[in-house]
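Asks: My questions concern the predicted model and sequence given below.
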Amino acid sequence: MSDPVVLLEGDTPARLNSAAHNHFGKRCMISLLKSEIDSFRLSVDRKTTFRREFEIDGTTAIYDVRIKSLSADKTTLIIEFADISEQEKLKSRLSFLQSMMDSIPNPIFYKSPDGKYIGCNKMFEEYIGLSKEELYGRTVREITPHDWKFQCARTDMQVLGTGRLKPYETMVTMPDGTQRNVIFSKALLKDHEGAPEAIVGTIQDITERKKAEEKIQRLAYYDTLTGLPNRQLLIDRISIMVEHSRRNEEIFAVLFIDVDRFKTINDTLGHTTGDQLLVNIANILKTNVRSCDTVARLGGDEFVIVLTNVEEKTVSHIAGKLMNMLSRPQFVNGHELFSSLSIGISMFPTDAQDGETLLKNADMAMYQAKEQGRNNFQFFSNDMNSKVMYRLIMENDLRHAMDRDEFYLEYQPQYNIETGKMFGVEALLRWHKPEKGIMPPSSFISLAEDTGLILPIGEWVLIRACFQTKEWETVTGLKLVTSVNISAVQFKQKNFLSSVRNILKVTGVDPTCIELELTESVLMTDVDQTLSTLKELKKLGLKLSIDDFGTGYSSLNYLRFFPIDRLKIDRSFVTNIMNDKDNAAITQAIIAMAETLNLKVTAEGVEQEDELNTLRSFKCHDIQGFLLARPSSPETINKLIADCR
């Protein structure tokens, strides 16, 4: 059907075509257009077009109206009406659909069957950085130079063939060159006859999700400080290596590495410096093994290296190389630091057939390296198992010893060398294991320090010694000085001072009757803090002494400032002193120095009369040893006190 046309002569419709009759009937719409017609006749234009709405039988119709002059004076006009009502309705519906698509947060596009873009939503425009107008009529090949255009073309063919494409994940390179992780979905739209009309696609960008997953993955399998694989990933890799090496009949090694004395650096210089040192060590370990090897951090100052397809000789070379690299000075936060490693090594398949046992055996070998003086490496051997088992049994028994009341104290008298009178005692810890008898301190003190059990044990010793000293004073009226050994682990505890204060208060002992014995190594660690603690202890009224003097590395310069009352000469210098010129010279020097610093001197381990006489000739103040008295029970000390009176 043609559009309505009206011929206008002046203000009178002279002729209407059939379409005009059908649309308007006998009614004429010309009167409704009077203002537009008058304006046109007054203008210089020969034609004009505008849009108008008309009410026809209660329905709004939309027309594009075109007026054209057929005479010079514009008295004769032809007016054409183009009904665009359905087009506007369709446009409105399309606008609604476009708005709906624009509100969807994921990119959506649609293409013709030949792959040309014919529409998209705003998110797609933003996503690829092109407008609808720039996209229209172009193919994916024209908007990106990257390889994923071939994948798009391939999936378009699949959709045209099957009607739908199962969502798939891929990496795409955007027009600006950035890469994104996405999930693509595509479907085929067909017309009413079933012919392909358009390919509709959606994109779900999962780049941030992938990053989050990777971060979670790293947190689960990698150490946050060094970026190295953690224990869980290490165990997985060792398990894989076990299967691979078994199939291919290859050998691999597990190196269990501990940084020697790292805790001292951490406690002294702070965790920031300690952490940076660990990062440096991790980098050194990584750069000195092959890319096929694994370097992992178990936690703290412990690392593990898995060396693939290597012989024992090569492992020794690599372990020595690592120790050499770590022995070089490192500058961390303004501090020059020196590190050393204790390394334990187990080999597959000779030392173990599974990852867990390989790690355990390498750990045992590492502890053997520490016992050998640190800064060395040890290969696992079967006899280490028995040593470790013994250590585990001892540790377990030690944990229960206090609850089972298996500890007790003996006291070894100390005598003034001139008067021969007992002036004090040293409290000595003893452990009675029902099935083993009396355990020598050398068999469990080191273990107690390594496990931290020395803290409750040391506190128990000090409490018991204070109560006993108070009891002697109450019963005999004599103020004996009781010496109590304080371990390095105890002394470094933040609550050490408050613990000592509480013990003195609870026991009621006279603080001047208690002498705390410290080793030289304790005093020379964090000198400023040590000096502060010693001064606080002196304020409490306690006496302080340096035990085993001469065996450590005291700085005589620092010794002048420490509020020390007594030096105790180690028995290694006293033994056979009358025949050993070197020991005699050292002992004389210690006594002379103590005299200058106004300190008392006690010689330990005196067992022979000649040793006593030699010490007397050196003007040593006090002695302690089997020659005069062995460690004894409190009851025996009571008798000795009675003899002294």
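Replies: Received, thanks.
Asks: C-alpha only now, for contacts and for neighbours.
Replies: OK.
Asks: how many other residues sit next to Ala352?
Replies: Per other CA atoms under 10 Å, the neighbour tally for Ala352 reads 16.
Asks: for the stretch 401-550 of the chain, what spans make up the strands?
Replies: For the stretch 401-550 of the chain, applying DSSP state E, counting those that start in this stretch gives strands covering 407-416, 422-433, 437-439, 481-485, 514-519, 543-549.
Asks: Reformat those as a markdown table; add mean neighbour count and distance to Val254.
Replies: Below are these laid out as a markdown table (neighbours: other CA atoms under 10 Å; distance: least, CA to CA, whole Å):
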| stretch | mean neighbour count | distance to Val254 |
| --- | --- | --- |
| strand 407-416 | 21 | 40 |
| strand 422-433 | 20 | 38 |
| strand 437-439 | 12 | 36 |
| strand 481-485 | 23 | 40 |
| strand 514-519 | 22 | 37 |
| strand 543-549 | 23 | 40 |
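Asks: Out of these, which gets nearest to Tyr222?
Replies: strand 514-519 (41.1 Å; CA to CA).
Asks: who touches the closest one?
Replies: 466, 481-488, 542-549, 552 (CA atoms under 8 Å, 6 or more residues apart in numbering).
Asks: hmm, back to that, out of the strands of the stretch 401-550 of the chain, which is closest to Asn283?
Replies: Nearest of the strands of the stretch 401-550 of the chain (CA to CA): strand 514-519, 36.4 Å.
Asks: tilt between that closest one and strand 543-549?
Replies: For strand 514-519 against strand 543-549, the angle by axes from the mean of the first three to the mean of the last three CA atoms, to 10 degrees is 30 degrees.
Asks: Export the strands of the stretch 401-550 of the chain as TSV, with columns for distance to Asn22.
Replies: Formatted as TSV, these follow (distance: least, CA to CA, whole Å):
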stretch	distance to Asn22
strand 407-416	120
strand 422-433	120
strand 437-439	122
strand 481-485	120
strand 514-519	119
strand 543-549	123
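Asks: right, and the helix or strand after the least confident helix or strand in the chain by mean pLDDT?
Replies: Ranked by mean pLDDT, DSSP states H and E, the weakest helix or strand in the chain is helix 556-559, scoring a mean of 66. Downstream of helix 556-559, the first helix or strand assigned by DSSP states H and E is strand 566-569.
Asks: which other residues reach the next helix-or-strand element following that following strand?
Replies: Reading on from strand 566-569 to the C-terminus, the next helix or strand found by DSSP H and E is helix 571-574. Outside helix 571-574, the residues that touch it by CA under 8 Å, 6+ apart are Asp548, Asn583, Ala584, Ile586, Thr587, Ala603, Glu604, Gly605, Val606, Glu611.
Asks: Looking at the residues you listed, spot the one nearest Trp472.
Replies: The closest of those, once distances to Trp472 are taken by CA to CA, is Glu604, at 23.6 Å.
Asks: burial measure for that closest one, as a count.
Replies: Neighbour tally, Glu604, other CA under 10 Å: 22.
Asks: what is it paired to in the beta sheet?
Replies: Glu604 forms beta bridges with Gln624, as assigned by DSSP bridges.
Asks: Same check on Val332?
Replies: Bridge pairing for Val332 - DSSP bridges - gives His335.
Asks: What distance do you get for it to Gln98?
Replies: 61 Å (CA to CA, to the nearest Å).
Asks: now swap in Asn121 and tell me
Replies: 7 Å.
Asks: Those two: who's more crowded?
Replies: Neighbours per residue (other CA under 10 Å) separate Asn121 from Gln98, with Asn121 holding more: 24 against 15.
Asks: Leaving out sequence neighbours, find the closest residue to that one.
Replies: Asp102 (4.8 Å; CA to CA, 6 or more residues apart in numbering).
Asks: Contact partners for that neighbour?
Replies: Asn121, Lys122, Met123.
Asks: Gly344 too?
Replies: 255-257, 362-369, 377-380.
Asks: let's go with 7 Å and repeat that
Replies: 255-257, 362-366, 369, 377-380 (CA atoms under 7 Å, 6 or more residues apart in numbering).
Asks: residue ranges for the helices of the stretch 101-250 of the chain, please.
Replies: 122-128, 132-135, 140-143, 148-162, 207-221, 231-248 (DSSP state H, counting those that start in this stretch).
Asks: and among these, the most buried is which?
Replies: Greatest average neighbour count among those goes to helix 122-128 (a mean of 18), per mean count of other CA atoms under 10 Å.
Asks: can I get the CA coordinates of that helix in CSV?
Replies: Extracted in CSV, the C-alpha atoms of helix 122-128 (Å, rounded to 0.1, in the frame of the first residue of the first chain):
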residue,chain,number,x,y,z
LYS,A,122,27.5,-0.7,26.8
MET,A,123,29.7,-3.1,28.8
PHE,A,124,31.0,-4.6,25.6
GLU,A,125,31.8,-1.1,24.3
GLU,A,126,33.7,-0.3,27.5
TYR,A,127,35.4,-3.7,27.5
ILE,A,128,37.0,-3.5,24.1
